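Chemist: Compute the structure for the input listed below.
(2 chains, ligands or ions: 2)
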Amino acid sequence: MNLDWLDAFLVSGLFFVVMIIGLALLLHIQLGLARIANFGVVGFWGIGMYSFGVLFVKVDWPFGDPWPFLISAAFGSVVAGLSGLLVGWLIADLDEDGVLVGTLGFATAVWILATTEQDLTGGALGMGGLRFPYDIGTVKANETLWLVLLIIVVALILYYVHRVHRAPYGRLLTAIGDNEPLARSLGKATFRTKIWLFAFASAGMGLLGAMYGVMERFLETANIGIDITLAAIVGLILGGTARVWGAVIGVAISVGVFDILVQSYLPLPRDWYSQAIPVLREAIFGAVLIIVLLFRPLGVLGDMRRDKLMRSMHGD
Amino acid sequence: MTDPVEAPAEVRPRIHIEKVVKSFSGRVVVDVDEMVLGEHPIEGLIGPNGAGKTTLMRMIMHSTALDQGRITLLPSGAEGEQIELSQLPTHHMASHGVVKSNQVIMDFEKLTIWDSLLLALAGAKYEQPLRIFSESDLFQESAETAREFLDFFSFGDPFGHAESAGEKKLLDIVRCLMLKPKFLLLDEPTAGLPDETTDKVMQVVRELAVSGTSIVIVEHDLNVIWSLSDQVHFMAEGSVVMRGDPKTIRENHTVVEKYLGEGHV
Ligand SMILES: Nc1ncnc2c1ncn2[C@@H]1O[C@H](COP(=O)(O)OP(=O)(O)O)[C@@H](O)[C@H]1O
Ligand SMILES: [Mg+2]
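Modeler: Residues are numbered from 1 along each chain as shown, chains lettered A, B, ... in the order given. Ligands and ions are numbered 1, 2, ... in the order given. Presented below is the predicted three-dimensional model:
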């Protein structure tokens, strides 16, 4: 197979886009179904990435690959899941503004921890020592295989979200997002459902963080800024929650356009890429977020047409 | 009485309300010293607007917190322990068979009618995050029950959403029925329903009562109360001012007319 067209830049660009798609899909369940606006995506992603990285690098592993990676990644997911459980427990009964402040606050706390716990994380200087749990030859081959593995993980997330819409669990989440007191009066443990949803989705975000850490081989606090959250939210909102593919398409046309198309295929002056483009991207995503916060267009995305769905599942 | 519907009081689930008080911004809205609901199969709860009927029902469901007092469920004779409802979270009520329909329209905008019924029928085991293939099991277990009610009440398009206010109101009641209530509270169930639907709801209510469910019904249409209930509680200004069988209440012209206006008895 000729992979010449696949340069290093494109591999890392695609990796980023696919990873954000994964985050947007997890957000689709939280925000699209249960209507919990998690603005702290990067916090769960980042705590997974750092927990993974610290364990992977600091432990003198007695076993060979891929075990150090698998154990550390599981650890990162569990830490992210537990923090999701804790944050979920704190915010589950708050109103929209409380959820917003709580999740944003959590992401900030993770950033502060990563910056100040220098012995563990290397602080602002960053932490190296990460590597792929295999070596199949060239750096490019390793990175490409890692991209393929990420695509498999995200495809599984996509399939899961697709199934959730067609399962009693998805119906329950939709009901909770729609009218929680009514769901409660039907005997649904809405609080517990919400905090477990937070835990599971956060564990998934943590796993994606761990995979990203491996791809970067170097953990920096600059990685865990608000732009990860922004990218996932903007992508989800652009694509809408009417169908599961919305998250995929939305991220592809937002992050994909900026991080791949504009940067590698538009004949723009070199120095724009390091200065103007990232700033412009940040400004546009930030503006979209402000619009989201001001006008809360979460309800106008168009939701999954359950009438069609039900007819296709149970109609004659 | 020779009413064949009447089962002995001790076998029906009852709700015991003791020294229950609720105020909103300093104004006492409910203040009931003692009250037992469910000694008769179907009991009416009547009184003027603002008497506190809805608030009292919400307090029983613990969807409105009590300022003071205690509400306990005394399960039917055979089933042991009494349950302190005022200590239970709202979502535990249904599992004890205590279910309430809503006076104001409550609906899931995003769920279809079928969804609503399946949601009510689904046990927690079907709704676990990892059970992404359980829909067909749930459907197999529940479809027959759901269909029976969908046909009986002749919903327009059960794969669509409830459209009219009447349909939403009816759906709220049907959701309650899906929960197999042992103690059913109905807050103005017939308001906004077409006559033939009202008749059907009343028919189901009677059948439920015969099979041992205790029913308390708040209703403005007093004809429904007089024809349906075995016992009537009359509430005014937060307290129960009178109780008795419908005949006794109707004989008390002065009280009823004072609160409800003329022509009601
Ligand atoms: N959530 C609330 N906040 C403030 N006042 C309320 C609230 N709910 C009910 N009330 C007041 O309590 C009184 C009793 O209301 P309600 O229980 O709905 O009466 P009923 O059902 O008998 O018509 C009314 O005056 C109503 O305005
Ligand atoms: Mg009322």
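Chemist: From here on, just use CA atoms for contacts and neighbour counts.
Modeler: Noted.
Chemist: which bits of the stretch 201-316 of chain A sit near chain B?
Modeler: Contact residues, the stretch 201-316 of chain A versus chain B (Cα under 8 Å from any Cα of the partner chain): A:D303, A:R306, A:D307, A:K308, A:M310, A:R311, A:G315.
Chemist: Pull the residues that contact the helix or strand hosting the fourth one.
Modeler: To tie it back to what came earlier, the one meant is A:K308. Assigned by DSSP states H and E, A:K308 belongs to helix A:306-314. If you take Cα atoms under 8 Å, 6 or more residues apart in numbering or on different chains as the criterion, helix A:306-314 is touched by A:R166, B:K110, B:L111, B:T112, B:W114, B:D115, B:F159, B:G160, B:H161.
Chemist: Next: stretch A:227-236.
Modeler: By Cα under 8 Å, 6+ apart, the surrounding residues in contact with stretch A:227-236 are A:20-21, A:23-25, A:27-28, A:39-42, A:246-255, A:282, A:285-286, A:288-289.
Chemist: before we move on, the earlier item: ok, of the residues of the stretch 201-316 of chain A next to chain B, which one's closest to A:I47?
Modeler: For these, the residue nearest A:I47 by Cα to Cα is A:D303; the value is 30.9 Å.
Chemist: Name the SS class of B:L45, please.
Modeler: Secondary structure for B:L45, judged by DSSP: H, G, I helix; E, B strand; the rest coil, is strand.
Chemist: Name the residues linked to it by a beta bridge.
Modeler: Note on B:L45: beta-bridge partners B:V218, B:H233, judged by DSSP bridges.
Chemist: which residues of the stretch 151-265 of chain B fall in strands?
Modeler: Ranges of strands in the stretch 151-265 of chain B, per DSSP state E, counting those that start in this stretch, are B:183-187, B:214-218, B:231-236, B:239-244.
Chemist: Output the ones you listed in TSV, with mean pLDDT, distance to A:G240 and mean neighbour count appended to each entry.
Modeler: Shown next, in TSV, are the strands of the stretch 151-265 of chain B (pLDDT from 0 to 100; distance: least, Cα to Cα, whole Å; neighbours: other Cα atoms under 10 Å in any protein chain shown):
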stretch	mean pLDDT	distance to A:G240	mean neighbour count
strand B:183-187	96	38	26
strand B:214-218	95	43	26
strand B:231-236	92	50	24
strand B:239-244	90	51	18
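Chemist: Adding distance to A:I277, write those strands out as TSV.
Modeler: Output for the strands of the stretch 151-265 of chain B, formatted as TSV (distance: least, Cα to Cα, whole Å):
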stretch	distance to A:I277
strand B:183-187	60
strand B:214-218	65
strand B:231-236	70
strand B:239-244	70
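Chemist: If you tally nearby residues, what's the number for B:I42?
Modeler: Other residues near B:I42 number 27, with proximity taken as other Cα atoms under 10 Å in any protein chain shown.
Chemist: Am I right that B:V36 is in a strand?
Modeler: Yes - according to three-state DSSP, B:V36 belongs to a strand.
Chemist: isn't it right up against B:R14?
Modeler: Yes - using Cα atoms under 8 Å, B:V36 is in contact with B:R14, at 6.7 Å.
Chemist: And these two? Which one has more around it.
Modeler: B:R14 (26 against 16).
Chemist: So, low pLDDT: which residues of the stretch 51-200 of chain A?
Modeler: Applying pLDDT under 70 to the stretch 51-200 of chain A flags no residue at all.
Chemist: cutoff 90 now
Modeler: A:57-66, A:92-101, A:104, A:108-110, A:112-131, A:135, A:137-140 (pLDDT under 90).
Chemist: ok so, going back, how about the helix holding A:K308: buried residues?
Modeler: Neighbour counts over helix A:306-314 (16 or more other Cα atoms under 10 Å in any protein chain shown) mark A:R306, A:D307, A:M310 as buried.
Chemist: now do stretch B:97-104
Modeler: Buried-residue list, stretch B:97-104, by 16+ other Cα under 10 Å: B:G97, B:V98, B:V99, B:K100, B:S101, B:N102, B:Q103.
Chemist: which of these are close to chain A?
Modeler: B:V99, B:K100.
Chemist: Okay, and which of the buried residues of stretch B:97-104 map to strands?
Modeler: Secondary structure from DSSP state E places B:V98, B:V99, B:K100 of the buried residues of stretch B:97-104 in strands.
Chemist: can you pull the contacts of the residue in the stretch 1-150 of chain A that ligand 1 sits nearest to?
Modeler: Ranked by Cα to the nearest ligand atom, the top residue of the stretch 1-150 of chain A for proximity to ligand 1 is A:D95, at 17.3 Å. Residues counted as contacts of A:D95 (Cα under 8 Å, 6+ apart): none.
Chemist: Check the separation of the first and last residues in stretch A:122-130.
Modeler: Counting by Cα to Cα, to the nearest Å, you get 13 Å between the two ends of stretch A:122-130.
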